[in-house]
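Participant: what shape does this take:
(2 chains)
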Amino acid sequence: MIDQEIVNFIGILMLISALAVQISSYIKPMINSLLTQSILLAINATYLGLATSDALLILLAALIVLLRGVLLTNILSRRLPHGRRFVREYSTGTGIALLSSVVVFIISFIIYRIVFLPVIGHPDGAIALSLITQGMLLILTRRNSFAHFIGFVEEENGIVLMSLSIIALPLVIEINILLDVLALVVAGAVLIQQKIEHEPEWELMG
Amino acid sequence: MGVDGIMDILPLVILLTPILFSLSYFVRRFRLLHLLSASITVVSALLLNIYSVSEASFFLIDSLNRIIVLTVATVYLLSVTFGLGYHSRMGESRNLKFHMSLIDLFASSMLFSLMVNDFGLLWIGVEATTVSSALLLVIEMQPLDVEAAWRYVIIVSAGLTIGLISVIMLYYVYGSLTISTLLAIRHASTIPLEIAAATALIGYGTKIGLVPMHTWLPDAHSRAPSEVSAMFSGVLLPVAVYAVFRVYQVTFSSKMEYLFLIFALATVVISAFILASQRDLKRMFAYSTMENMGMMVTGFIIGGAGFAGALVLLVSHAFGKAGAFYSSGNILESYQTREMSRIGNLKENMPYTTVSLLFSSLSVTGSPPFGTFIGEFLIILSLYMAGLYVLAVIIAISLVIAFASVNFKVAGMIFTPSDEKRSEAGISQRAVAIAAVVLSAAVTIIFFITGGYHIG
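Facilitator: Okay, here's the model as predicted:
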């Protein structure tokens, strides 16, 4: 039997971690918040696995910790230049980031209530949708490669949470998605090494 | 095991051959091995079109995807051949070896997406095309190439993630992701299926380059090496069109039909107008690709003759656009610029490339006798027959604008007098560009011989 309060509590903690990512201007704390978020996602999967006696969900949780928690954040951390803790970006002020983040939270909940709730019948996916939109917001508002990637992974965390909230996808699909995202981060890490800050380029206009 | 039994393993051969040969990174004679890999893939894809193969198991092979598989395999062979000539000055460098191995993996991921019989694995395949192609853009590690590659990776991946919601919704509704099973079910229009269709449109639409999710496309196409641009425009985007069409097939509703048509129409119109203001040769062809993708989506969605038109357009455009990018690569190599205003007197300096550029431009803008003309004609005809007169007229006007914009600029480069002396590209590069154009025209002949107008 699933205790919905526990699931919601973990979901709220994940939202707080998304908010922490949004207001960070230093990259290292952003990576740490992402790590926390991934571990919370794994705890959610573990709890659901235990509550429904589904060993595959526990396996999924272990893979999330291993691939998304440890390996992925490790790759991102290792790509930080020297003086790792002090890589920051200045594209958004904390106040604006916080405000836009809250606005996006509210919009996500409204969209979920209008579009998804009548169909799904329970509000669990709302937090997942918020995580997806928070990830997209991060990609849109930042100029830094690390922030872009963290936004992308946050989006993917939202998708896994949505799948857990609505209907768990077959494990083979979930594992492949995790591996795919990991491979993308590895490929992206090569690009991060070449360029961290992204500005508009005249030759890439029009 | 009979001939048909042996042929059942063809999809596996098509899929695994490029993966296996990508290991030629570790071998000295890597050029020959890559050519061999692409050739085996083409022959297998050809056999897949000749012999009957069990239609649905782990793979789903039907009249739609077997033709696209052959197209992908052929463009793969052309691009490998072109790339080995185009990058010949890189000798046996690790960068080139890695680049060619990635092309193999890229081709394999596209073929996987086309043949797999599961919506979840289809999404994974399309995402894998991004993973395998991301580093193809940066063979020379120029700062602008890196920027374009980054935009490609981030925008496409972020967009595709939305497409994953469609997989969740399909599984929620049907309890299965097997494409052949879902195609066999007569579904009713429901809100979850509409969410699935809309999120697939946004997700895969980002990869297709539908407006307004198209921003990565001109950057990536213009900065990628020409053989990669050819694969992107010619076959990668159609693979994403195939993916979105498969979702559309199992989620169809009249509301979604209009939504898809609006996005497709916006793409055709906006790209046609942007084409007129292009200065960069490869960006111009990238916008032309967007226009053609919009047409393809329109054709597949409207169905009937439009479906046959979309399929002909897909195949003919793949070769025509590949020819256009190979020709652009040859010009870029010779003139060292993408700026069309700085390219002149092509007919004197590069006579063979002039032929391939001129005819490939005519092909991608839908001129007879190329298959693109038949495709676009059938799509507009089916719009007209469906009573969508205004849509048909808007699309026809957009196509005229695109035709005039591209061919006027190409004619300028060919005929504008210039004293500059430039040398023609290498023989393999010229041959590949011309072969692609010939294949684009051959689609018309094949269409009439095989009675292609009965498809759909």
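
Participant: contacts and neighbour counts: CA atoms only from here.
Facilitator: Will do.

Participant: quick one: which helix or strand includes residue 99?
Facilitator: In the absence of a named chain, chain A is used. helix A:94-111 (DSSP states H and E).

Participant: the chain in question should be chain B.
Facilitator: Here B:His99, judged by DSSP H and E, is contained in helix B:94-115.

Participant: and for whichever residue of chain A sits closest to chain B, the neighbour number?
Facilitator: Closest residue of chain A to chain B, CA to the nearest CA: A:Leu184 (5.1 Å). When neighbours are counted by other CA atoms under 10 Å in any protein chain shown, A:Leu184 registers 21.

Participant: okay, it: pLDDT?
Facilitator: For A:Leu184, the pLDDT comes out at 81.

Participant: my guess is it contacts B:Val131. True?
Facilitator: Yes - contact status for A:Leu184 versus B:Val131: in contact at 5.1 Å, counting by CA atoms under 8 Å.

Participant: what's the closest non-adjacent residue to the residue nearest the centre of chain A?
Facilitator: Centrality entry for chain A: nearest residue to the mean C-alpha point is A:Glu154, 1.3 Å, by CA atoms, centre = their mean. Sequence neighbours aside, A:Gly135 is the residue nearest to A:Glu154 in space, at 5.1 Å (criterion: CA to CA, 6 or more residues apart in numbering or on different chains).

Participant: and for that neighbour, the neighbour number?
Facilitator: So A:Gly135, with other CA under 10 Å, has 27 neighbours.

Participant: residue contacts, it?
Facilitator: Contact analysis of A:Gly135 by CA atoms under 8 Å, 6 or more residues apart in numbering or on different chains lists A:Ala18, A:Ile150, A:Gly151, A:Phe152, A:Val153, A:Glu154, A:Glu155.

Participant: between which two of those is the distance greatest?
Facilitator: Maximum pairwise distance among the contacts of A:Gly135 (CA to CA): 12.0 Å, between A:Ala18 and A:Phe152.

Participant: which parts of chain B sit against chain A?
Facilitator: B:120-121, B:124, B:127-128, B:130-131, B:134-135, B:143-144, B:146-150, B:153-154, B:157-158, B:161, B:164-165, B:168, B:171-172, B:191-192, B:218-219, B:274, B:277-278 (CA under 8 Å from any CA of the partner chain).

Participant: what subset of these is buried?
Facilitator: Those of the residues of chain B next to chain A that meet the buried threshold are B:120-121, B:124, B:127-128, B:130-131, B:134-135, B:144, B:146-150, B:153-154, B:157-158, B:161, B:164-165, B:168, B:171-172, B:191-192, B:218-219, B:274, B:278, by 16 or more other CA atoms under 10 Å in any protein chain shown.

Participant: against chain A, how distant is B:Phe408?
Facilitator: To chain A, B:Phe408 is 19 Å away according to CA to the nearest CA, to the nearest Å.

Participant: could you point out which element follows the helix or strand hosting that residue?
Facilitator: Assigned by DSSP H and E, B:Phe408 belongs to helix B:389-415. Using DSSP H and E, the next helix or strand after helix B:389-415 towards the C-terminus is helix B:427-449.

Participant: got the contact list for that next one?
Facilitator: So helix B:427-449 is contacted by B:78, B:81-82, B:85-86, B:312, B:315-320, B:322-324, B:326-327, B:330, B:352-353, B:355-356, B:359-360, B:363, B:369-371, B:374, B:452-453 (CA under 8 Å, 6+ apart).

Participant: and residue 77, which helix or strand is it part of?
Facilitator: In the absence of a named chain, chain A is used. For A:Ser77, the element it lies in under DSSP H and E is helix A:73-79.

Participant: could you do chain B instead?
Facilitator: Residue-wise, B:Leu77 maps onto helix B:63-86 under DSSP H and E.

Participant: kindly report the same for B:Ala230.
Facilitator: With DSSP H and E as the test, B:Ala230 turns up in helix B:226-231.

Participant: list the contacts of that helix.
Facilitator: Contacts for helix B:226-231 (CA under 8 Å, 6+ apart): B:75-76, B:79-80, B:82-83, B:103, B:136-137, B:220-222, B:318, B:321-326, B:328-329.

Participant: now swap in stretch B:111-119 and tell me
Facilitator: B:11, B:14-15, B:56-61, B:65, B:68-69, B:72, B:121-126, B:167, B:177-180, B:239, B:242-243, B:247.

Participant: could you do stretch B:146-165 as well?
Facilitator: Contacts of stretch B:146-165 (CA under 8 Å, 6+ apart): A:136, A:139, A:148-149, A:152, A:155-156, A:159, A:188, A:191, A:194-195, A:198, A:204, B:120, B:123, B:127, B:130-131, B:134-135, B:137-138, B:196, B:199-204, B:206-207, B:213, B:216-217, B:219-220, B:223.

Participant: and B:Val406, what does it touch?
Facilitator: B:Leu275, B:Ala276, B:Met284, B:Ser361, B:Thr365.

Participant: separation between it and B:Ser361?
Facilitator: In this view, B:Val406 and B:Ser361 are 7 Å apart by CA to CA, to the nearest Å.

Participant: same question, B:Ser382
Facilitator: B:Ser382 is 25 Å from B:Ser361, by CA to CA.

Participant: so those two - more neighbours on which side?
Facilitator: B:Ser361 (27 against 23).

Participant: distance-wise, check that one relative to chain A.
Facilitator: For B:Ser361, the distance to chain A - CA to the nearest CA - is 20 Å.

Participant: tell me the angle of the strand or helix carrying that residue relative to helix B:389-415?
Facilitator: If you go by DSSP H and E, B:Ser361 is part of helix B:351-364. With axes from the mean of the first three to the mean of the last three CA atoms, to 10 degrees applied, the angle from helix B:351-364 to helix B:389-415 works out at 170 degrees.

Participant: what mean pLDDT does helix B:351-364 have?
Facilitator: On average, helix B:351-364 scores 95.

Participant: now it - C-alpha only, PDB.
Facilitator: Output of helix B:351-364 as PDB, limited to C-alpha atoms (Å, rounded to 0.1, in the frame of the first residue of the first chain):
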ATOM      1  CA  PRO B 351      32.000  22.900 -64.400                       C
ATOM      2  CA  TYR B 352      31.200  19.500 -62.800                       C
ATOM      3  CA  THR B 353      30.100  21.000 -59.500                       C
ATOM      4  CA  THR B 354      28.100  23.600 -61.400                       C
ATOM      5  CA  VAL B 355      26.100  20.700 -62.900                       C
ATOM      6  CA  SER B 356      25.500  19.000 -59.600                       C
ATOM      7  CA  LEU B 357      24.700  22.300 -57.800                       C
ATOM      8  CA  LEU B 358      22.300  23.500 -60.500                       C
ATOM      9  CA  PHE B 359      20.400  20.200 -60.800                       C
ATOM     10  CA  SER B 360      20.300  19.500 -57.100                       C
ATOM     11  CA  SER B 361      18.900  23.000 -56.500                       C
ATOM     12  CA  LEU B 362      16.200  22.300 -59.000                       C
ATOM     13  CA  SER B 363      15.600  19.000 -57.300                       C
ATOM     14  CA  VAL B 364      15.200  20.400 -53.800                       C
END
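
Participant: now it against helix B:427-449, angle please.
Facilitator: 30 degrees.
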